[in-house]
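Chemist: 3D, please:
(4 chains)
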Number of protein chains: 2
Amino acid sequence: MGQPTMDDVAKRAGVSRSLVSLVMRESPRVSDQSRKNVLAAAQELGYRPNHFARNLASGQTHTIGIMLNDLHNPYFTEMAEGAAAAATDANMQVLITSGWQREDGDGAAIGALLDLRTRGLILGAARVAHGLFDEVANVVPVVAVAVFDRPERFDTVCNDESIGAELVVDHLVDLGHERIAHITGGDSPSGPERQTGFIDAMVERGLAPIIIDGAFEEHAGHAAATQLMALREPPTAIFAANDLCASGVLTALRDLGVSVPDDVSVVGYDDTLLAGIGTMSLTTVHQPRQQFGRRAMELLLERIDGRSVASHELIEPRLVTRSSTGPAPTEGTMT
Amino acid sequence: MGQPTMDDVAKRAGVSRSLVSLVMRESPRVSDQSRKNVLAAAQELGYRPNHFARNLASGQTHTIGIMLNDLHNPYFTEMAEGAAAAATDANMQVLITSGWQREDGDGAAIGALLDLRTRGLILGAARVAHGLFDEVANVVPVVAVAVFDRPERFDTVCNDESIGAELVVDHLVDLGHERIAHITGGDSPSGPERQTGFIDAMVERGLAPIIIDGAFEEHAGHAAATQLMALREPPTAIFAANDLCASGVLTALRDLGVSVPDDVSVVGYDDTLLAGIGTMSLTTVHQPRQQFGRRAMELLLERIDGRSVASHELIEPRLVTRSSTGPAPTEGTMT
DNA sequence: CTTGCCGGATAGAGCGCTCCACCTCTACAG
DNA sequence: CTGTAGAGGTGGAGCGCTCTATCCGGCAAG
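Modeler: The predicted model follows:
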């Protein structure tokens, strides 16, 4: 005799199990009197509906699964937070799993979610396994966050990288910069998009885009910045692929005795914790990551309600100005 | 006709449902031939066991719940990763929920896990609601991570703060420091423990512990460091409550024109991403957070297997030396 | 007074599995 | 040849719910 069951509640309230079931499902076809009796009985017994039995019998759950292939990436956890909030509003329960970056971890994690018969899935994946996603999308509605192409089988939500790059370029141009370099994020997701956005924004403003290969890592920023400053005409502003990369840039510039922002302005991307700390104080692009999650959940619920055409949404980032950017040095001032 | 069921597989393989069930549960009492047939049939049909039916029928799950009240705190996500790894080894599935720092969010999240009949719970909670934990521990085995008192109802795993403080003090003393100050973490969890650890370690070495109030935040570190450097005899080493606090210290020292580590050495705690970046390069205490999770899971499994006395485990941290610490300045060198 | 209708409640057949009791068959000792 | 053990397999009764069909009793309409 572990947990009390619906029958126990029914017996205690002197009604049928069916009636208890109706009450639990908040059906309107129950008299107030009965409802009150049943709830009282349930309360006294400490009754909790057994989700398994419920789901088994109804063939439906109220669960949305979120799979994050990297739980340590604040990008995704914040996204998940937004999604969870939206789910709560829609009376859905959220469950999170992670592939823990293991071999086939994502597949296993998604499998676990499917086994729990989640109604839909939100996938947050830095590394995208498209075959896997397509396959899953056949079984259940799927929304992917931070996927940049426009797949037909599932919806996507991602940052508008072109606007992000524009914000950066505009800001720097407004400060009088003309020789602006971008350190790329390589082939990693968002990398190419940021690069393209930057080139477009520069060309549109009649400026020559300076591009140097990098990665979303500190040492890549360090190396790239060192190379840039060795040019015959070094840039007066550096737009790094992300904050971590920018931190490498700052270290390199400090080592070279170049002053930020007096000699060179530096911009990052992502507005991570890093950007805010005193020793960095980095101008960077902020992505409303919780909103990514909210929108993803909304799209997913629409899908569950029957929408069948794929929807791909871009969310606008905004610029956060700190003290790593400043007016361009007047020509000849530089060393 | 949605998903295929066990009966479908049985029919296809020409055996009874019971046999299929045995195969699915990897029972040894099945001939290799039958097993092969069944698995083949299951494969062809794309059969996936329905967890709800399974759990309902067996009255048991293979699920462990992890509740983190702050999913953004890498401390907890890394812990969860370790726990998940240990769970996989034990053939258990892990589900994560979060209270998202909302009012009663923790309670709701735990409730959701209990509704899923998780076999046990690992609670990672910066803010501890002891009443809640005790209550839950009555229903299901519980292990709490980062809880410092020694509750009777559930197990705990946490960092050995006294060893952490000793490592720091030893390192600084070895470098010749004598005037060592600690900026506290206030009343937040770990704060008092670190403070006590520091005081004990100093006294044991015959040194006067200098204590100044702070918090696990950057501005607190900044303020405290400014106060410290205004003392008639400023300390030659500062042990901040955590890395974020230490980053405030570094900024303050830079603003004061104090050189690190030539004039003052700085130590942080937690070995966060921050500590590693070039502009900080902070000596700090590293906690093996994944191991916290592993141990928590192991303790939980023991509990599930029947252990009833509470177990409280301390895990040893280690020191990571970077360039924010150096030999104590010879007397009189300071400004 | 019968009929139809409707709000409110109920009985009972599953949902897809697990697990216990039991059955069958072969192998081998007595 | 009977007895027995054990490996391999089966039947069927649930697990705690949901949901459809159905029932009941009162009341307005015919």
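
Chemist: residues near A:I163, how many?
Modeler: By other CB atoms under 10 Å in any protein chain shown, the residues close to A:I163 number 18. Glycine gets a C-beta too; all of them are placed from N, C-alpha and C.

Chemist: So it versus A:R318, what's the distance?
Modeler: 9 Å (CB to CB, to the nearest Å).

Chemist: ok, which stretches of the stretch 101-250 of chain A are helices?
Modeler: According to DSSP state H, counting those that start in this stretch, the stretch 101-250 of chain A carries its helices in the segments A:105-115, A:130-139, A:161-174, A:191-204, A:218-229, A:243-256.

Chemist: A:L274 and A:G248 touch, don't they?
Modeler: No: counting by CB atoms under 8 Å, A:L274 sits too far from A:G248 to count as a contact (11.1 Å).

Chemist: Can you give me the neighbour number for A:S162?
Modeler: Neighbourhood size, A:S162 [other CB under 10 Å]: 16.

Chemist: Ok, A:L244 next?
Modeler: A:L244 has 25 neighbours, counted by other CB under 10 Å.

Chemist: Roughly how far does it sit from DNA strand D?
Modeler: 48 Å (CB to the nearest atom of the strand, to the nearest Å).

Chemist: So for that residue, what's the pLDDT?
Modeler: On pLDDT, A:L244 comes in at 94.

Chemist: contacting residues for it?
Modeler: Contact analysis of A:L244 by CB atoms under 8 Å, 6 or more residues apart in numbering or on different chains lists A:216-218, A:221, A:272, A:274, B:277.

Chemist: repeat for A:E217
Modeler: By CB under 8 Å, 6+ apart, the neighbours of A:E217 are A:244-245, A:248.

Chemist: just the residues you listed now: which is nearest DNA strand C?
Modeler: A:L244 (45.8 Å; CB to the nearest atom of the strand).

Chemist: thinking again about what came up before, okay if I get the contacts of A:E217 as CSV plus distance to A:G124?
Modeler: Listed next are these as CSV, based on distance: CB to CB, whole Å:
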residue, distance to A:G124
A:L244, 19
A:C245, 21
A:G248, 26
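
Chemist: Let me know the closest of the residues you listed to A:G185.
Modeler: A:C245 (7.2 Å; CB to CB).

Chemist: Help me confirm that the closest one comes into contact with A:A223.
Modeler: No: between A:C245 and A:A223 no contact is recorded; they are 10.1 Å apart, counting by CB under 8 Å.

Chemist: hang on, the earlier thing: among the contacts of A:L244, which are within reach of DNA strand D?
Modeler: When CB under 7 Å from any atom of the strand is applied, no member of the contacts of A:L244 is adjacent to DNA strand D.

Chemist: Most neighbours among these, please name it.
Modeler: Ranking the contacts of A:L244 using other CB under 10 Å puts A:G221 first, with 30 neighbours.

Chemist: Now do the nearest residue to it once chain neighbours are set aside against DNA strand D, distance only.
Modeler: The shortest distance from A:G221 to any non-neighbouring residue, by CB to CB, 6 or more residues apart in numbering or on different chains, is to A:G248 (2.7 Å). According to CB to the nearest atom of the strand, A:G248 and DNA strand D sit 56 Å apart.

Chemist: Over to A:R205?
Modeler: From A:R205 across to DNA strand D, the span is 59 Å (CB to the nearest atom of the strand).

Chemist: returning to that earlier point: what is the burial count for the residue nearest to A:G221?
Modeler: Counted with other CB under 10 Å, A:G248 comes out at 26.

Chemist: Quote the end-to-end distance of stretch A:264-277.
Modeler: The first and last residues of stretch A:264-277 sit 19 Å apart, counting by CA to CA, to the nearest Å.

Chemist: Tell me where the model's unsure across the stretch 151-300 of chain A.
Modeler: Counting by pLDDT under 70, the stretch 151-300 of chain A shows no low-confidence range.

Chemist: Right, and DNA strand D sits closest to which residue of it?
Modeler: Closest contact between the stretch 151-300 of chain A and DNA strand D, by CB to the nearest atom of the strand, is at A:L300 (20.9 Å).

Chemist: where does that residue land in three-state SS?
Modeler: Classification of A:L300 using DSSP: H, G, I helix; E, B strand; the rest coil returns helix.

Chemist: How about the contacts made by whichever residue of the stretch 201-335 of chain A sits closest to DNA strand C?
Modeler: Nearest residue of the stretch 201-335 of chain A to DNA strand C (CB to the nearest atom of the strand) works out as A:I304 at 19.4 Å. A:I304 is in contact with A:119-120, A:141, counting by CB under 8 Å, 6+ apart.

Chemist: Can you pull the residues of chain A lying near DNA strand D?
Modeler: Residues of chain A lying near DNA strand D (CB under 7 Å from any atom of the strand): A:2-3, A:5-7, A:17-18, A:21, A:24-25, A:47, A:49-50, A:53-54, A:56-58, A:60.
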